[in-house]
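A.B. asks: Provided below for reference: sequence and predicted model.
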Amino acid sequence: MTARLWFGVSSWNFKDWIGPFYAPGTKPPDMLADYARVFPTVEVDSSFYGIPRQTTIEKWRQRVGSSFRFSVKTPSAVTHERRFVGAGKLFSIFLERVKLFGDKLGPVLIQCPPDFAPTAENRLALFEFLETELPAGVRVALELRDTRWYDDELFSQSKRVGCTLALTEGGHADVAHAARIAGRLASDAPADFAYVRWLGTQTFERYDRVQADRSASLDAWERMLRPLQDRLDDIFAYASNDYQGYAPGTARAMLARLGQPLPAETAQPRLL
């Protein structure tokens, strides 16, 4: 078995990409359709700030092909404000809304706050939420940004509820931490997919070219992902502009390391 690779970036609406990625003169309403002719998936960041409107989801659905997948972040009202306590109804409303993507819905990402420590109170809140609120038929990835969470209890819980643990490189987790999680997922996967995020630790004045050399990290990610390719059905992976300064370049570089066909360097507009 070889996992299907769904590689893309976090969001698509960046004016700095006009020129290096989007054709000159591209308007924001046209960016998603152009992006979707290059990459097969995207991570929707805006859902973290509020549940997308039905009309918005329908509009996005219409602008991409049948094989495209939208991964969506759980609203911060669930994770950061209520911190999973009494958040079931809101999460259910969110899920019903994103299910409007139909077969174009990818995984749902539950991203915990950086200060969400593995206290007894927080463990109870999170584990009860996972036990009672995760829907059947929707893939869920959990990202905990305090590395102390990653113990046997967490792995057992994730396997019991069928959610994967996100593999992330960023300000709250380094490559070595991601490798430890990936090794465990490769030997005892809680779900049939992996979820990867390349977030980085710095910001750039412009997001129009690769500006940071992360070759060593990307080499390590190649070593991490190859065993998962042999074990899982799918790997969803998303690059942020903050990782190297230009997310499309990061995605292409990682695909090259894995010996995959490379997406186009630029998104050509659809001919009328």
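C.D. replies: Yep, it's here. Because the structure is predicted, anything quoted here is derived from the model rather than measured.
A.B. asks: after the longest helix that the chain contains, heading C-terminal, what element do we hit next?
C.D. replies: Across the chain, the longest stretch assigned as helix under DSSP state H is helix 215-231. Following helix 215-231 in sequence order, the next helix or strand is strand 234-239 (DSSP states H and E).
A.B. asks: what pairs with that following strand, parallel or antiparallel?
C.D. replies: strand 4-10 (parallel), strand 193-200 (parallel) (DSSP bridges).
A.B. asks: closest to residue 229 out of those?
C.D. replies: Closest approach to residue 229 among the strands paired with strand 234-239 (C-beta to C-beta): strand 4-10, 7.6 Å. C-beta coordinates here come from the backbone N, C-alpha and C atoms, glycine included.
A.B. asks: list the buried residues in stretch 202-215.
C.D. replies: 204, 207, 208, 210, 212, 214 (16 or more other C-beta atoms under 10 Å).
A.B. asks: pLDDT at the last one, what is it?
C.D. replies: The per-residue pLDDT reported for residue 214 equals 96.
A.B. asks: tell me how many other residues crowd the closest residue to it other than its chain neighbours.
C.D. replies: Nearest residue to residue 214, sequence neighbours excluded (C-beta to C-beta, 6 or more residues apart in numbering): residue 244, at 5.6 Å. Neighbour count for residue 244, taken as other C-beta atoms under 10 Å: 25.
A.B. asks: where does pLDDT dip in the stretch 51-200 of the chain?
C.D. replies: Counting by pLDDT under 70, the stretch 51-200 of the chain contains no low-confidence range.
A.B. asks: looking at the strands paired with strand 234-239, which is buried most?
C.D. replies: Most buried of the strands paired with strand 234-239 by mean neighbour count (mean count of other C-beta atoms under 10 Å) is strand 193-200; its value is a mean of 24.
A.B. asks: quick check: angle from that one to helix 215-231?
C.D. replies: 170 degrees (axes from the mean of the first three to the mean of the last three C-alpha atoms, to 10 degrees).
A.B. asks: could you find the closest non-adjacent residue to residue 256?
C.D. replies: residue 262 (6.1 Å).
A.B. asks: okay, now that neighbour: neighbour count?
C.D. replies: Other residues near residue 262 number 10, with proximity taken as other C-beta under 10 Å.
A.B. asks: check contacts around it.
C.D. replies: 252, 255, 256 (C-beta atoms under 8 Å, 6 or more residues apart in numbering).
A.B. asks: from the residues you listed, which is closest to residue 89?
C.D. replies: Nearest to residue 89 among these is residue 255, at 40.0 Å by C-beta to C-beta.
A.B. asks: assign that closest one to helix, strand or coil.
C.D. replies: Recorded secondary structure, residue 255: helix (DSSP: H, G, I helix; E, B strand; the rest coil).
A.B. asks: highest neighbour count among the contacts of residue 262?
C.D. replies: residue 252 (21 neighbours).
A.B. asks: so that one, which state does it fall into?
C.D. replies: With three-state DSSP as the basis, residue 252 sits in helix.
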